[in-house]
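> quick check, what structure comes out for this input:
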Amino acid sequence: MSKYDVKKLKDERGQIVDEMTSIADRNRDKAEWNADDLVKFDELAARDTNLEKNIRRFETLNEKESQDEERNLEVAERSQKDIEQVLGDQKREVEVYDRYLRDALTNEDKQFIRAQTVTTTGGGYFIPTSLASEYIKSLQDFGGVRSVARIIPTATGNNLDFPTSDDTSNSASLLSINTGASESAFTLGTKQMNAYKYTTGKIIVPNELIQDSSFNIEQYVRELFVERMARGTNTAYTTGTGSAQPEGVVTGSSFGKLSAASTTTTFLELLDLKHSVDPAYRMNGSWMFNDNTLNKLKQVALASANQSLWQPGVVGGAPSTIDGDPYTVNQDMATMADYTKSVLYGDFKKFYIRDVMDLSIRRSDEINMTADQVVFVGFLRTDSGLMDTSAVKHMLQIVT
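Numbers count the residues shown, from 1 in each chain. Predicted structure coming up:
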């Protein structure tokens, strides 16, 4: 598969930003923007956001293609097979999985499944490894917290204890000959990662489509699995309480800055939030907020000609930035309002998402039998938590 060319999309973004800048220049000294200009600006901002998402998707696909090539070479070396055999096994897994979804397994398929140890004991089907990685990757590509967090895949669902600490106050020291090392003020804690089960709910497919050999049933099920899982789990990864459910990154974050208004912010406030995070974490720092907040930041940046506040990524492979750092648009983040935590900044790799890799799909011909429909249900076990609360901080909107 050839790599995607994103240059045209980036050129188009450049033209849109020029139009947005022109509109902002016309309204720079006005107390209120011209109504038509405001509508046009919002339209351009929406197009810019969509283009940015598409650029990231295509760049991710290019990266994934390279990763797949490397992984297949590793599998071939480990299994002492040539690359054609590895690709052949993966193709066979996909074909068998497709026949399982269509309820058309042959005896030979069942023997292959047993050899691959991908069936569940309860009549379901563990998604083959070659496809499970595709599902997880698609979840990450969907955006939100998963796109910037550290993903920890595990083979089983046992509870795991991860170490938590903030060691930024400690440093190496000079040691004289024959002198013992002193103890550092280091406190090591633990955060238990569970395996909460999420389900897609019913994925209903008419039997006519399943019986149609040209209908890509695996792709259809995968898309619905990913979309539903991404929407449901991202809410938990963002604002989950951590009690009988995953802990969200907003929940785990610590206070960084109090805004002077409830529905807006300023560049200086964003700088204060950024610098409330220790420099050790700012090395990998990035922002997170929803699309409404991003639109406000674009208006403030272009109206004040402050290119540092928001800089579109239209050159090379550079991402769009806020004060030089990339940002993630997460629609589960709160819109600016009284007492909301609307903006996050920090090192999101300190936020862990644990996935149990035995993704499974179950099918039933009986539940919707009278409507001649087949029902699929997908399952994923996952958990999340911020390992260091100092690594990510939030802005709290004041009540005005």
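> could you pull out the buried residues of stretch 215-233?
Ile217, Glu218, Tyr220, Val221, Arg222, Leu224, Phe225, Val226, Arg228, Met229, Ala230, Thr233 (16 or more other C-beta atoms under 10 Å). C-beta: built from backbone N, CA, C; applies to glycine.
> I'd assumed Ile203 was in contact with the fourth one.
Yes - counting by C-beta atoms under 8 Å, Val221 touches Ile203, with 6.1 Å between them.
> what's the pLDDT at the residue nearest to Tyr97 when sequence neighbours are not counted?
Setting aside the residues directly before and after it, Tyr97 is nearest to Pro128 in space (C-beta to C-beta, 6 or more residues apart in numbering), at 5.5 Å. On the pLDDT scale, Pro128 is placed at 75.
> hang on, the earlier thing: list residues touching both of Val221 and Ile203?
The contact sets of Val221 and Ile203 overlap at Phe376, Gly378 (C-beta atoms under 8 Å, 6 or more residues apart in numbering).
> and the strands in this protein?
Applying DSSP state E to the chain gives strands spanning 125-126, 150-154, 160-164, 189-193, 196-206, 254-258, 286-289, 321-322, 325-329, 341-346, 351-364, 373-386, 392-396.
> direction included, what does the last one pair up with?
Here strand 392-396 is paired, per DSSP bridges, with strand 254-258 (parallel), strand 341-346 (antiparallel).
> could you export it as PDB, CA atoms only?
Output of strand 392-396 as PDB, limited to C-alpha atoms (Å, rounded to 0.1, in the frame of the first residue of the first chain):
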ATOM      1  CA  VAL A 392      -1.000  17.100  34.300                       C
ATOM      2  CA  LYS A 393      -2.700  20.200  35.600                       C
ATOM      3  CA  HIS A 394      -6.000  21.900  34.900                       C
ATOM      4  CA  MET A 395      -7.400  25.400  34.500                       C
ATOM      5  CA  LEU A 396     -10.400  26.100  36.700                       C
END
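> so it versus strand 373-386, what angle?
100 degrees (axes from the mean of the first three to the mean of the last three C-alpha atoms, to 10 degrees).
> buried ones in strand 392-396?
Buried-residue list, strand 392-396, by 16+ other C-beta under 10 Å: Val392, Lys393, His394, Met395, Leu396.
> if I look at the first one, how far off is Leu131?
As defined by C-beta to C-beta, to the nearest Å, Val392 lies at a distance of 33 Å from Leu131.
> give me whichever of the strands paired with strand 392-396 is most buried.
Comparing those by mean neighbour count (mean count of other C-beta atoms under 10 Å), strand 341-346 comes out on top with a mean of 27.
> what comes into contact with it?
By C-beta under 8 Å, 6+ apart, the residues outside strand 341-346 that reach it are 249-250, 253, 256, 265, 270, 273-274, 277, 281-282, 285-290, 293, 325, 333-336, 391-397.
> same check, this time on stretch 270-282
By C-beta under 8 Å, 6+ apart, stretch 270-282 touches 168, 256-257, 285, 309, 322-323, 325, 343, 345-347, 350, 388, 390-395.
> pretty sure the residue nearest to Tyr97 contacts Glu93?
Yes - between Pro128 and Glu93 there is a contact at 3.9 Å, judged by C-beta under 8 Å.
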